[in-house]
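S.K.: sequence and predicted structure are below.
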Amino acid sequence: MSPEHYQKFCALLEQHSGILLSVDKRYLVETRLSRVLRELQIPSMDELVERLLHRHEPALEKAVIEAMTTNETLWFRDEYPFAALRDVFLPEAEAARKRSVRIWSAACSSGQEPYSISMLASERNLPFPVEIVATDLSSRILEQAKLGMYDDLSLGRGLSAARKHQFFDRVEHGWQLKSEITRRVRFQVANLLDPVSALGRFDLIFCRNVLIYFSRETKMKIIEQLANALQPNGVLILGASESVQQLSERFTIERLPGGGMAFRLKN
């Protein structure tokens, strides 16, 4: 990809997904887009960019966005957010005698985060239902997540043997999540740059390791969207290196047991 076309591609990607690429990511872009070129029989990276610029091709646009979306994830990633959910936020909801709890897992990738949340809900045997809405930009990865089917390699990334045997059934081509876990989770395509009011309001939002890809202006827009999606006194959990400080004054900071921070919406 020529430097000129790389700059144009970066501008297009930020416009449509908010993802901000630095000048040293050209090799990464070319690597991720190589499969798109092969599948759609496009002869060069520069021609791909020209088609994005000058034609309306939804299939190509979708393929490019999905190729550029990072889909690496783990079960119970970083541990402390899930410990806080188990030991702080769900007991808090019990004490408040809530009739239900709604949790949003934003940028959920292949489903490990929302399914991890659902496992915790099962382990606590809560007196109220927990609804988990899991969203991502990639419809392809969401279709995979909906299946609730994982191989041994995927399950080896953060899932204990005890949970594996408690919540999965061994099937011919891998491990199938039990309906007890999958029935709480609803998957939906959503772009954090677009209005998300149709998703409803949430008691807790996980939006982890997402803001790091965006410009300051885009981060502020996304945080405002997340704040508007929270119930009064609702909680936002970001990635370990992310914060709302200097970006929003709508939250107070809470230190979590075991490390990390959460951000509670001010009343």
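M.R.: In hand now; what should we look at? Numbers count the residues shown, from 1 in each chain.
S.K.: residues near E249, how many?
M.R.: Using other C-beta atoms under 10 Å, E249 is surrounded by 9 other residues. Quick note: C-beta positions are derived from backbone N, CA and C, even for glycine.
S.K.: now the one 5 residues further on
M.R.: By other C-beta under 10 Å, the residues close to E254 number 14.
S.K.: for it, which residues are in contact?
M.R.: By C-beta atoms under 8 Å, 6 or more residues apart in numbering, E254 lies in contact with V235, M261, A262, F263, R264.
S.K.: L13 and V196: what is the separation?
M.R.: Going from L13 to V196 by C-beta to C-beta, to the nearest Å gives 20 Å.
S.K.: before we move on, what about L256?
M.R.: Distance from L256 to V196, counting by C-beta to C-beta: 25 Å.
S.K.: so between the two, which is more surrounded?
M.R.: V196 (20 against 17).
S.K.: list phi and psi for that one.
M.R.: phi -120, psi 10 (degrees, to the nearest 10).
S.K.: how about G259?
M.R.: The phi/psi pair for G259 (degrees, to the nearest 10) is phi 110, psi 170.
S.K.: for it, grab the count of nearby residues.
M.R.: G259 has 13 nearby residues by other C-beta under 10 Å.
S.K.: dump the residue contacts of it.
M.R.: Y80.
S.K.: now L13. Nearest residue, chain neighbours left out?
M.R.: Spatially, and ignoring its direct neighbours in sequence, L13 is nearest to I19 (5.3 Å; C-beta to C-beta, 6 or more residues apart in numbering).
S.K.: would you mind measuring from the residue nearest to E61 when sequence neighbours are not counted to S34?
M.R.: Distances taken as C-beta to C-beta, 6+ apart put L52 closest to E61, at 6.7 Å, once the chain neighbours are dropped. L52 is 16 Å from S34, where distance means C-beta to C-beta.
S.K.: before we move on, the earlier item: how many residues are close by the residue nearest to L13?
M.R.: Neighbours around I19, by other C-beta under 10 Å: 21.
S.K.: poorly predicted segments of the chain, please.
M.R.: 70-72 (pLDDT under 70).
S.K.: how does it look with 50?
M.R.: Nowhere does the chain drop to pLDDT under 50.
S.K.: any idea how it splits into domains?
M.R.: Per automatic domain parsing, the domain ranges recorded for the chain read 3-68, 80-265.
S.K.: please enumerate the helices of the stretch 151-267 of the chain.
M.R.: Secondary structure of the stretch 151-267 of the chain (DSSP state H, counting those that start in this stretch): helices at 152-155, 161-167, 179-182, 216-229.
S.K.: redo those as JSON lines? Include distance to V189 and mean neighbour count.
M.R.: Output for the helices of the stretch 151-267 of the chain, formatted as JSON lines (distance: least, C-beta to C-beta, whole Å; neighbours: other C-beta atoms under 10 Å):
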{"stretch": "helix 152-155", "distance to V189": "22", "mean neighbour count": "13"}
{"stretch": "helix 161-167", "distance to V189": "26", "mean neighbour count": "14"}
{"stretch": "helix 179-182", "distance to V189": "18", "mean neighbour count": "16"}
{"stretch": "helix 216-229", "distance to V189": "16", "mean neighbour count": "18"}
